[in-house]
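J.: What follows is a predicted structure for the sequence shown.
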Amino acid sequence: MKKLLCGVLSVSAMSLFAVDVTVATVDVTAINSGLSNTVVAVSGLDLATGGALAISNLVKTTNLTVGDRLYAFSNGKYECWTLSAAQKWERAEKQYTISGSGEIVEDSGTPASLFTLTVGSGIWLSRQDATKPFYIYGQHTDTKTSTVAAGATALVGNPMQTAKAPVSIVGCKNGDRILVPGAGMLREFKYVGTNDSYESDKWEYKKGWNGTVTGSLPATATVPAGTGFWYKSTGEQPVTINWVE
């Protein structure tokens, strides 16, 4: 009885000093693109670290098929991971890249748990069955921007929970391009303004078969939630794509 009473008193004492525990909000986005190859956006932080998201924790394996692949484009080359029978993203045993001097370089790639991407960046998902939706998730963050290094080509994504076009693009240079994948041809938008500030009336695009139109980013530049596009930078300063005001 004495032991039981001590136990009750101990629990009561602990409850007096209980602290509130904040559980992170998890954003889950369903994507039903119908495309075998889809640019997937990183829309949240890693649930384990609260920082850049490990790609092993980005795409839920629900509705995916063994053999489906993720391709990350980084530093001018691709890395690849394949969904295994154990429902894990396994890196390629070997991969080959061509160096700037033209030499073939062999390396073993990076484990999916160690390859991280920041919010607003993108990665390719290649599926064998595109008839079902797939899901991405991450810890919620209010910071929603995509960054492209000066003179680089990068995969970026819409990290919002709704379809939308970028609110603003800062640092764009005459000749920069946005390439949005779709079921048919790429939708291409070319910047024809200056690089000192974002000017919403300086994007050039095709409007049906009626030729080239210069104006603000049109509705066709809208990117479905959780998906993305290529951004080709031609300038000498980083480009920041803002998805919120």
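T.: Structure's in. What do you need?
J.: Val59 - nearest residue in space that isn't next to it in sequence?
T.: Ile136 (5.5 Å; C-beta to C-beta, 6 or more residues apart in numbering). Quick note: C-beta positions are derived from backbone N, CA and C, even for glycine.
J.: Could you measure from that neighbour over to Ser43?
T.: 7 Å (C-beta to C-beta, to the nearest Å).
J.: again with Lys202
T.: Look at Lys202 and Ser43: by C-beta to C-beta, they are 28 Å apart.
J.: Among the two, which residue is more densely surrounded?
T.: Using other C-beta atoms under 10 Å as the criterion, Lys202 and Ser43 rank with Ser43 on top: 28 against 17.
J.: list residues touching both of Ile136 and Ser43?
T.: Thr29, Gly226 (C-beta atoms under 8 Å, 6 or more residues apart in numbering).
J.: Run a quick neighbour tally on Phe229.
T.: By the measure other C-beta under 10 Å, the count of residues near Phe229 is 27.
J.: which residues touch it?
T.: By C-beta under 8 Å, 6+ apart, the neighbours of Phe229 are Val39, Gly122, Leu155, Val156, Gly157, Ile178, Leu179, Val180, Pro181, Val223.
J.: out of these, which are inside strands?
T.: Val39, Gly122, Leu155, Val156, Gly157, Ile178, Leu179, Val180 (DSSP state E).
J.: Show the buried residues in these.
T.: Val39, Gly122, Leu155, Val156, Gly157, Ile178, Val180 (16 or more other C-beta atoms under 10 Å).
J.: and which of these is nearest to Asn242?
T.: Among these, Val156 lies closest to Asn242 (C-beta to C-beta), at 11.6 Å.
J.: Residues in a beta bridge with the closest one, which ones?
T.: Residues in a beta bridge with Val156, per DSSP bridges, are Ser121, Phe229.
J.: can you give me the helices in the protein?
T.: Counting by DSSP state H, one finds helices in the chain at the ranges 2-16.
J.: Poorly predicted segments of this structure, please.
T.: Residues of the chain that meet the criterion pLDDT under 70 lie in 1-24, 93-108, 184, 194-201, 207-220.
J.: check contacts around Asp142.
T.: Val244 are the contacts of Asp142 under C-beta under 8 Å, 6+ apart.
J.: got it, and Pro133?
T.: For Pro133, the contact set (C-beta under 8 Å, 6+ apart) comprises Ala30, Ile31, Asn32, Asn63.
J.: Please produce CSV containing those, extended by distance to Gly171 and neighbour count.
T.: As requested, the contacts of Pro133 are arranged in CSV below (distance: C-beta to C-beta, whole Å; neighbours: other C-beta atoms under 10 Å):
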residue, distance to Gly171, neighbour count
Ala30, 32, 13
Ile31, 28, 19
Asn32, 33, 13
Asn63, 38, 15
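J.: Next step: these restricted to strands.
T.: Ala30, Ile31.
J.: for the contacts of Pro133, which one is nearest Leu114?
T.: Of all those, Leu114 sits closest to Ile31, with 24.6 Å by C-beta to C-beta.
J.: Beta-bridge partners for the closest one, please?
T.: Bridge pairing for Ile31 - DSSP bridges - gives Phe134.
J.: wait, it sits on Ile136?
T.: Yes. If you go by C-beta atoms under 8 Å, Ile31 and Ile136 touch, sitting 6.7 Å apart.
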